[in-house]
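> Sequence plus predicted model, see below.
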Amino acid sequence: MSTGTSDILAPEQEPVELARFREQWKAEVRERQSATSGVQTQPVPGASTAAERIIPAARSDASAKTATITNTLSASPSRGPATHVVAGAPAVTKHASHGHSHLSPSLAHAVEVYRKAVFHEQHSQLDEALQLYRQAFRLDANVDRAYFIEEQRTHERSAAQPPSHKKAPSTVSVDEVTRNVQKLEAHKDSKDKSIVTSGFLAQVLKKFPENLVFQPENEKEGLPINLIPDELVLQILRILDYTTIERFAAVSRKARILSLDPAIWRDFVHLAYKPPQIADNESITNIMELYNSDYRRAYVEHPRLRMDGVYIAVCHYMRMGSSENPWVNVTHLITYHRYLRFFPNGQVLSLLANEEWQPQTVIPMLKPSLRMKGFYIGNWSLSGSTVYITNLVEKHLSHAHTTTEPQRNRYFFQMTLALRSRPLGRWNKLDFIGYDSVNVEDGEAVPLPLRNERSFWFSKVKSWPGY
């Protein structure tokens, strides 16, 4: 044997497995060629072509074992089952026409573990997926092939089923109706008086007993308030403010039931929601439809500006100062306050004051008759949760000895604010959306920078009326 052909094995030196594989491959090629040339014109159902391929598996002890996979394919795709036989593993038979599969218990368990591993991998849980993959392959070395056969069978079975009538939309609609009904619940007290509540409060009232009374702290002592009829207690509650009513409601279950009387909250709604709190063409009836005729919920959740106090914004900015020492930098923290007070007639007062004027000094002075630098009077309106302040004109100081007419303002200002509630029902925050300077002559609006502006927070003043 020459040097160039020394690596080529003689036929008698070839491994038996390699020779057998070559002969099987040649036989398969000849059968395919004969089928293509038309020699076999009538294929027999169930006839199959066998092919085996050798898969060497490396082992730690340097011993090699082979696994033979025999694929038996049906000659007619529409007739007869396609059988995948894995040497050394349980057989998996797939019936394409019926959509059934037969797995041995051990292989079925391995496929189930493999399916869980795929699920964890799809949800980015790689550690769990890796452990399950290892477990599945320890149960059966060919579990991946069996899994893909099962998935294909499931897909074909679902595709072969006739489309059924979809009932999901009707179920969703029923759930939506159920949720909407649960939002509105009627609770009746001992006097058969319907109290409309909604949301979480309605669920709480369900657990209340029928006949409620005020319970004394000491059982040996009586409680005189039980002698007062409920109608008289309601009349007392109607002359109180809503904060006091809610504090009274937190005393006991009986107090909570009495505080939910619609007559109490109807008065608050009719006092609060009128122009400019709502649009001129909007009525309270339209508002109540949004809240299912729950007056308390409407008063708590519907946006409204508060008149019983003042909205204050505390603003800061840094200003560089001068120093005799060049190695020392002086920085000043400048603090100023903005005040907004709203009136029921649509008038608003705006004041910009420096840190020399503290809130405890400014608030008693914040009236339409005030005259100082930075004091403006304008108009306000509320649309949804957006507050529009227009025609803010500065009121100059009046001098008693001057005979000339005051100089006309060349500019006025306008603000756009977002009304928010922290927590629910307070309506105690105003966020800047826009602040413009408007030329009186041509009406041109120039936006002003809001770099140092902060949100307004509400501060209640007990001596100021709320409506």
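Ah, there it is.
> ok, longest helix in this structure?
Secondary structure of the chain per DSSP state H: the longest helix is helix 16-36.
> Could you pull up the mean pLDDT of it?
Helix 16-36 comes out with an average pLDDT of 81.
> Start the count at 587 instead of 1 going forward.
Right, with 587 as the first residue, what we last looked at is helix 602-622.
> and it, C-alpha only, in CSV?
Taking Å, rounded to 0.1, in the frame of the first residue of the first chain, the C-alpha atoms of helix 602-622 are listed here in CSV:
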residue,chain,number,x,y,z
VAL,A,602,-18.8,-4.1,10.8
GLU,A,603,-21.2,-1.3,11.7
LEU,A,604,-19.8,1.0,9.0
ALA,A,605,-20.2,-1.7,6.3
ARG,A,606,-23.7,-2.4,7.4
PHE,A,607,-24.6,1.3,7.3
ARG,A,608,-23.1,1.6,3.8
GLU,A,609,-25.2,-1.3,2.5
GLN,A,610,-28.4,0.0,4.1
TRP,A,611,-27.8,3.4,2.6
LYS,A,612,-27.2,2.0,-0.9
ALA,A,613,-30.4,-0.1,-0.6
GLU,A,614,-32.4,3.0,0.4
VAL,A,615,-31.0,5.0,-2.5
ARG,A,616,-31.9,2.2,-5.0
GLU,A,617,-35.4,2.0,-3.6
ARG,A,618,-35.9,5.7,-4.0
GLN,A,619,-34.6,5.7,-7.5
SER,A,620,-36.9,2.8,-8.5
ALA,A,621,-39.9,4.6,-6.9
THR,A,622,-39.1,7.8,-8.8
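> Output the contacting helices and strands for that helix.
For helix 602-622, the packing partners by 3 or more CB pairs under 8 Å, 6 or more residues apart in numbering; DSSP states H and E come out as strand 638-643. Glycine gets a C-beta too; all of them are placed from N, C-alpha and C.
> where's M893 relative to S620, distance?
From M893 across to S620, the span is 100 Å (CB to CB, to the nearest Å).
> Those two: who's more crowded?
M893 (17 against 11; other CB atoms under 10 Å).
> Give me the below-cutoff pLDDT ranges for the stretch 837-986 of the chain.
Counting by pLDDT under 70, the stretch 837-986 of the chain shows low-confidence ranges at 983-986.
> quick one: the helices in the chain?
Remark: helices assigned in the chain by DSSP H are 602-622, 691-708, 712-725, 729-746, 754-769, 786-792, 816-823, 828-835, 839-845, 848-858, 870-876, 881-887, 945-948.
> what pLDDT does A746 get?
We have a pLDDT of 72 for A746.
> Just give me the neighbour total for it.
What A746 shows, counting by other CB under 10 Å, is a neighbour count of 11.
> Now L820: closest residue in space, sequence neighbours ignored.
D847 (5.4 Å; CB to CB, 6 or more residues apart in numbering).
> my bad, should have said E707
Per CB to CB, 6+ apart, closest to E707 is A715, 4.0 Å.
> In contact with that neighbour, which residues?
The contact partners of A715, by CB atoms under 8 Å, 6 or more residues apart in numbering, come to A703, V704, H706, E707.
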